[in-house]
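> Predicted model follows, preceded by the sequence.
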Amino acid sequence: MRRFRSVPAAAGIVVLLAASACTSGNPPSTSPAATAQATSAATVAPPATASPATASPATQASPAAPIPTDSVAEAFPRDKFSDPTTIDSKWLPLIPGTQFVWDGKILVDDERLGHRVIATVTDLTKVVDGVRTVVVLEQDFTPPNVRAEAELSFYAQDDDGNVWLIGEYPEEYEDGKLADAPTWMSGIDGARAGLVVQADPKLGEPSYSEGWAPSVGFADRARVFETHSKTCVRVGCHDDVLVIDEFNPDEPDAHQFKYYAPGVGVVRVGWAGALEDTQETLELTRVATLDPEAIAKVRATALALEKSAYQVSPKMYGQTAPAVPAP
């Protein structure tokens, strides 16, 4: 998905984190090594105080300057979404009932903390800016068992196979209380949908917008950094990996790298640049298909978050139609 710094819990799955024997691929990134930990996915517990990964940045040289672009936002082809909720992209398949767990580190107040991100593709859909989207529920935990963020993200795939991000409702927490909710929904208050991953990504092509929301300062862009890479994470090794460099033009020396494995999605997150403040690292530690009971619990959690969204963000989220179960 996009900048992780954030991303439900489900019943009926056991998550087992084992120490990794693999190392990362080529671009600037880090290689977390795990401590063993087992939890029940009925709560899909956040990392314990003893962090689940230790990260030591490898090469920290900044990547080449991003290729200039003439547009701050992508042209949104609303008439080319004949089956938008079937997201079967080679690089980011989002199948309802699939749950991803990533573990790593994040820098908070000059201290590297254990960091767990959990994302579940719900069975809900929601119309945003005229396009029906798939609703993804994400939660982000830091020790000791603290939920830092919960988010609803909205994705759709166009007829050419490109995956779009069409809006986000993130709740950010401090001391267990809601601190901020920088919401953006394409088509409202100047916000524009952006590309998450292209159907046919190529080296050397101009960067593209991942979304444009001036009201919340969201202007992230992405470009292809490497193709046919290789990387290993705790759930296995992957060839033909696509590495995407994400950045904000206003932060020229801060980059986040996402490693996309064919048929899986994001398997690793790394960073580079002297201005990268969170220095976030993650690796995929679990992929599971939830049972009907677990899916129902995820759905309830997502709908509860949406109820909050209508109250917290009436001028933005309040202008959208409610999420509904997919047929």
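Yep, it's here. Residues are numbered from 1 along each chain as shown.

> Pull up the gap between the nearest residue to residue 94 once chain neighbours are set aside and residue 274, please.
With sequence-adjacent residues excluded and distances taken as CB to CB, 6 or more residues apart in numbering, residue 94 is closest to residue 87, at 4.0 Å. Yep, even glycine has a C-beta here, placed from its N, CA and C like the rest. Residue 87 sits 36 Å away from residue 274, taking CB to CB, to the nearest Å as the criterion.

> Comparing these two, which residue is more hemmed in?
Of the pair residue 87 and residue 274, residue 87 is the one with more neighbours under other CB atoms under 10 Å, namely 22 against 9.

> Go through the helix or strand harbouring residue 100 and flag the buried ones.
In this assignment (DSSP states H and E), residue 100 forms part of strand 98-108. Along strand 98-108, these residues count as buried under the neighbour rule (16 or more other CB atoms under 10 Å): 98-107.

> for that strand, packing partners?
strand 53-54, strand 111-128, strand 265-272, strand 281-289 (3 or more CB pairs under 8 Å, 6 or more residues apart in numbering; DSSP states H and E).

> Confidence-wise, which of these is weakest overall?
When mean pLDDT is averaged over each of the helices and strands packed on strand 98-108, strand 53-54 scores lowest at a mean of 32.

> Give me the residue ranges of the chain where confidence is low.
Under the criterion of pLDDT under 70, the regions of the chain flagged as low confidence span 1-70.

> So which residues of it form helices?
When assigned using DSSP state H, the helices of the chain occupy the ranges 292-312.

> picking that back up, surely the residue nearest to residue 94 is in contact with residue 154?
No: applying CB atoms under 8 Å, one finds residue 87 not in contact with residue 154, separated by 11.3 Å.

> what touches both of those two?
Shared contacts of residue 87 and residue 154, defined by CB atoms under 8 Å, 6 or more residues apart in numbering, are found at residue 134.

> right, so of the helices and strands packed on strand 98-108, which gets closest to residue 76?
Checking these against residue 76 by CB to CB gives strand 111-128 as the closest, at 10.8 Å.

> Keeping just the C-alphas, turn the closest one into CSV.
Provided in CSV are the C-alpha atoms of strand 111-128 (Å, rounded to 0.1, in the frame of the first residue of the first chain):
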residue,chain,number,x,y,z
GLU,A,111,14.4,5.5,19.5
ARG,A,112,13.9,2.6,17.2
LEU,A,113,10.8,0.7,18.2
GLY,A,114,9.3,-2.6,17.2
HIS,A,115,6.6,-2.0,14.7
ARG,A,116,3.8,-4.3,13.4
VAL,A,117,1.5,-3.5,10.5
ILE,A,118,-1.6,-5.6,9.8
ALA,A,119,-3.7,-5.2,6.7
THR,A,120,-6.9,-7.1,5.8
VAL,A,121,-8.7,-6.9,2.6
THR,A,122,-12.3,-6.7,3.7
ASP,A,123,-15.5,-7.9,1.9
LEU,A,124,-16.7,-4.3,1.9
THR,A,125,-16.9,-2.0,-1.1
LYS,A,126,-17.5,1.8,-1.2
VAL,A,127,-18.1,4.2,-4.0
VAL,A,128,-15.6,7.1,-4.0
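
> Please identify the pairing partners of that strand and their relative orientation?
Paired neighbours of strand 111-128 in the sheet (DSSP bridges): strand 98-108 (antiparallel), strand 131-142 (antiparallel), strand 324-325 (antiparallel).

> would a markdown table of those strands with distance to residue 117 be doable?
As requested, the strands paired with strand 111-128 are exported to a markdown table (distance: least, CB to CB, whole Å):
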| stretch | distance to residue 117 |
| --- | --- |
| strand 98-108 | 5 |
| strand 131-142 | 5 |
| strand 324-325 | 25 |
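
> Show me the strands in the stretch 151-300 of the chain, by range?
When secondary structure is read from DSSP state E, counting those that start in this stretch, the stretch 151-300 of the chain shows strands at 163-174, 177-180, 184-185, 192-197, 208-209, 211-212, 221-233, 236-247, 255-261, 265-272, 281-289.

> can I get those strands in TSV with mean neighbour count and distance to residue 299?
Converted to TSV, the strands of the stretch 151-300 of the chain look like this (neighbours: other CB atoms under 10 Å; distance: least, CB to CB, whole Å):
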stretch	mean neighbour count	distance to residue 299
strand 163-174	22	16
strand 177-180	11	22
strand 184-185	26	20
strand 192-197	25	23
strand 208-209	20	31
strand 211-212	22	25
strand 221-233	19	28
strand 236-247	19	29
strand 255-261	25	27
strand 265-272	26	21
strand 281-289	23	15
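
> Take those strands and write them to TSV, including distance to residue 147.
What follows is the strands of the stretch 151-300 of the chain, written out as TSV (distance: least, CB to CB, whole Å):
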stretch	distance to residue 147
strand 163-174	6
strand 177-180	11
strand 184-185	21
strand 192-197	24
strand 208-209	29
strand 211-212	24
strand 221-233	24
strand 236-247	24
strand 255-261	22
strand 265-272	19
strand 281-289	17
